[in-house]
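1. here you go, sequence then predicted model.
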Amino acid sequence: MDGDARRTIAKLAADTLPRLIARMTRSELGELEVREDGWRIRLRRPIALSVDAQDGPGRTQSDRSRGAGGPTTGAHGERITSTGRSGQAGRADLSRGSVTSPAVGYFSSRDGIANGTRVASGDVLGHVDVLGVRQEVVAPIDGVVGGLEVEAGQAIEYGQRIARIEANVQ
Amino acid sequence: MFNKILIANRGEIALRIVRTCRRLGIGAVVAYSEADRDTRAVHLADEAICVGPPESRRSYLSAPSLLSAALVTGCEAIHPGYGFLSEDDTFAEMTRAHGLAFIGPPPEVLERFASKAGTRTLLARHGLPTIPGSGMLRDDAQALSEAEQIGYPVLIKPSAGGGGKGMRMVRSPRELQQAITVCRSEALAAFGDDSLYLEKWLEENRHVEVQVIVDRYGNGVHVGERDCSVQRRHQKILEEAPSPALSDGQREALTENAIRAVIAAGYENLGTLEFLLDRDGNYYFIEINCRIQVEHPVTEMLSGLALVAEQIRIAYGEPLGYGQHDVALRGHAIEFRINAEDTEQDFQPQAGVVESYLPPGGPGVRMDSHLYSGYEVPPYYDSLLGKLVVWGPDRASAIARSRVALDELVVDGIVTNIPLHRALLSHKTFLDGEFTTNLLDRVGSGAFLAAARAA
């Protein structure tokens, strides 16, 4: 390992990591990922919580995403994945991760992604088209895609649930 | 008329626009952030669409998210409300580029009136008196000679931005030289631009503004003035109309000059021209607000016009359809801004659950608020909870009705500025109609409240 890389790691450990941990502690985020100087840091809470709010007969499309968080891109190029909010009413399931929309627009799934596809955390599952700009939809945890709720070409709002990832299914 | 519009705002104004849409038979789609899911506007809308996280920059200030939301829901126009993107000419331009109408002035009009200094020059050319001021300051020597010409005291103001940053009032050449360095660094830090200019400082001034409506074809009317002199640190707290500071003759001259000048300058849609009024009744134009204003209900109470509906009609391209003689202003109205602020703790904004909300009623009483019992005030946005607007046939009866209404209003569970409004209604200077913009800050809001409690 060269000197530059060592210095970068030292800097990440001294500055970036404590900042991320502090941010994660303050927030209700399930996962946080940062790219800095070519390095990638990912923090994840010990368990992936998901809140599966039961969907009533929805009057509007907004009703469907009640209680869902969303993977989004924050300041400093951080990719933030919210896998459920603590302290919120709902059933917490230890083995499922919600995949929610990072933006408002039209959804398209990536080829080969369907119910039953095995994915790793961070894998791109599809895109949301926002005025012609594509925003990635990524898997929040390792596991198997289940319960895809959104069809290609469908309008989707921010935070709307797209699918669930079932973790560690044998 | 439009079939469906997107409301790109929150709080009481989103609700206000939803109500107008329902009355006009226009489908209302409310764009909301995650923090505003459980709000009245979202519940009452025909459709609602989440556009982003609580942080405004990524929701109510995100032009791509709002435009995308308008397109996927099949809207034909966007109503921006006030604040956020309401006066952003780039957003208005993007809206048009995506084939949607912007409910407000067209982008080129917004652009023409975007610079405060430029707007003053433009409207001065069309006959409005403006406050004596300087051009951009190059160096100390020039600043000193400009200040000498204007006459002390003068206000040093940054060309960019607002909100009181980089702003200082100075009374002498020595103070000017000291303050100018501080102002430059403050302005640079806040807006990335350290250009400054000078403006004459009016010691005891009132803030009076004129509401105008101009259609696409150059027909326009004024809808009288509003007096917004009750302020704290340049923030309006209470507004009323008509202004107790103007005689009928002065009112006529001010309002007629204002509407003539904006039509000549090519303005379009709803707008408000702000003026400072000195003790001798001289008025000076300071700026124009190219949007619906928080205090618009005061004018609606006097005129019977529905200003949001007028805004939508004009943006659709309809002609005004009436003239100045058809605008009749009756009685007196006062608006109280109900804010989640702790007047005892330097007006710190408050967040939390409203345990109980009971709006007042009775003749002439209107409450525009998104509150309900159990509503949680989020910490991310401004502290406006609603507006109590009270009308009476004259000022005295409007004040009497206001006292009853303020006593009846219940907002429990969260600290509000209601005590300040009660104090105002028992303050002699206010009752005499002689409030000036610096009064609360000069006396100190704390001392003001304490005096009211002792009385």
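-> Sure thing, it's come through.

2. flag the shaky bits of the chain, pLDDT-wise.
-> Since you didn't name a chain, this refers to chain A. Residues of chain A meeting the criterion pLDDT under 70: A:1-2, A:24-33, A:36-37, A:45-96, A:168-170.

3. if you could check chain B rather than the one you did, that'd help
-> B:160-164.

4. again, 80 this time
-> For chain B, applying pLDDT under 80 flags the ranges B:116-117, B:159-165, B:190-192, B:455.

5. which parts of it sit against chain A?
-> Those residues of chain B that sit near chain A, judged by CB under 8 Å from any CB of the partner chain, are B:32, B:34, B:37, B:42, B:45, B:47-53, B:58-59, B:64-65, B:67-69, B:71-73, B:98. From N, CA and C alone the C-beta is placed, and that goes for glycine too.

6. quick one, phi/psi of the residue of chain A found nearest chain B?
-> Closest residue of chain A to chain B, CB to the nearest CB: A:Ala155 (3.7 Å). With angles defined as degrees, to the nearest 10, A:Ala155 sits at phi -70, psi 140.

7. contacting residues for it?
-> Contact partners of A:Ala155, counting by CB atoms under 8 Å, 6 or more residues apart in numbering or on different chains, are A:61, A:105-107, B:72-73.

8. as TSV, these with neighbour count and distance to B:Leu155 would be great.
-> As requested, the contacts of A:Ala155 are exported to TSV (neighbours: other CB atoms under 10 Å in any protein chain shown; distance: CB to CB, whole Å):
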residue	neighbour count	distance to B:Leu155
A:Gln61	18	50
A:Gly105	27	46
A:Tyr106	18	51
A:Phe107	22	53
B:Val72	20	47
B:Thr73	22	46
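
9. which one of the residues you listed is nearest to B:Met136?
-> Relative to B:Met136, the closest of the contacts of A:Ala155 is A:Gly105; by CB to CB it sits at 42.8 Å.

10. ok, and the closest non-adjacent residue to that closest one?
-> By the measure of CB to CB, 6 or more residues apart in numbering or on different chains, the closest residue to A:Gly105 outside its immediate chain neighbours is A:Val130, 4.1 Å from it.

11. so the one you found sits right up against A:Pro102, yeah?
-> No - judged on CB atoms under 8 Å, A:Val130 makes no contact with A:Pro102 at a distance of 9.1 Å.

12. more neighbours: which of the two?
-> Between A:Val130 and A:Pro102, counted using other CB atoms under 10 Å in any protein chain shown, the more crowded position is A:Pro102 (26 against 22).

13. element containing that one, please.
-> Assigned by DSSP states H and E, A:Pro102 belongs to neither a helix nor a strand.

14. can you check B:Gly83 too?
-> Judged by DSSP H and E, B:Gly83 forms part of no helix or strand.

15. and the gap between it and chain A?
-> Plainly put, B:Gly83 is 20 Å away from chain A if you go by CB to the nearest CB, to the nearest Å.

16. try B:Gln293
-> Separation of B:Gln293 from chain A (CB to the nearest CB): 28 Å.

17. list the residues that contact that residue.
-> B:Gln293 sits next to B:82, B:209, B:272 when contact means CB under 8 Å, 6+ apart.

18. how about 6 Å then?
-> The contact partners of B:Gln293, by CB atoms under 6 Å, 6 or more residues apart in numbering or on different chains, come to B:Thr272.

19. and for B:Glu355?
-> B:412-413.

20. phi first, then psi, for it.
-> The phi/psi pair for B:Glu355 (degrees, to the nearest 10) reads phi -70, psi -40.

21. what's the neighbour count on the residue nearest to B:Ser62 when sequence neighbours are not counted?
-> Distances taken as CB to CB, 6+ apart place B:Gly52 nearest to B:Ser62, at 5.7 Å, with adjacent residues excluded. Using other CB under 10 Å, B:Gly52 has 29 neighbouring residues.

22. quick one: buried ones out of the residues of chain B next to chain A?
-> Buried by 16 or more other CB atoms under 10 Å in any protein chain shown: B:32, B:34, B:37, B:42, B:45, B:47-53, B:58-59, B:64-65, B:67-69, B:71-73, out of the residues of chain B next to chain A.

23. which of these fall in helices?
-> Members of those lying in helices (criterion: DSSP state H): B:42, B:64-65, B:67-69, B:71-72.

24. CSV please, covering these and showing distance to B:Arg313.
-> Listed next are these as CSV, based on distance: CB to CB, whole Å:
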residue, distance to B:Arg313
B:Val42, 25
B:Pro64, 28
B:Ser65, 27
B:Leu67, 23
B:Ser68, 27
B:Ala69, 24
B:Leu71, 23
B:Val72, 26
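
25. widest-spaced pair of those residues?
-> Across these, no pair lies farther apart than B:Val42 and B:Pro64, at 21.0 Å, counting by CB to CB.

26. what residue in the stretch 201-350 of chain B comes nearest to chain A?
-> Proximity of the stretch 201-350 of chain B to chain A (CB to the nearest CB) peaks at B:Pro349, 19.2 Å away.

27. A:Gly153: neighbour count?
-> With neighbours defined by other CB under 10 Å, the count for A:Gly153 comes to 10.

28. surely the residue nearest to B:Ser62 is in contact with A:Tyr158?
-> Yes - applying CB atoms under 6 Å, one finds B:Gly52 in contact with A:Tyr158, separated by 5.1 Å.
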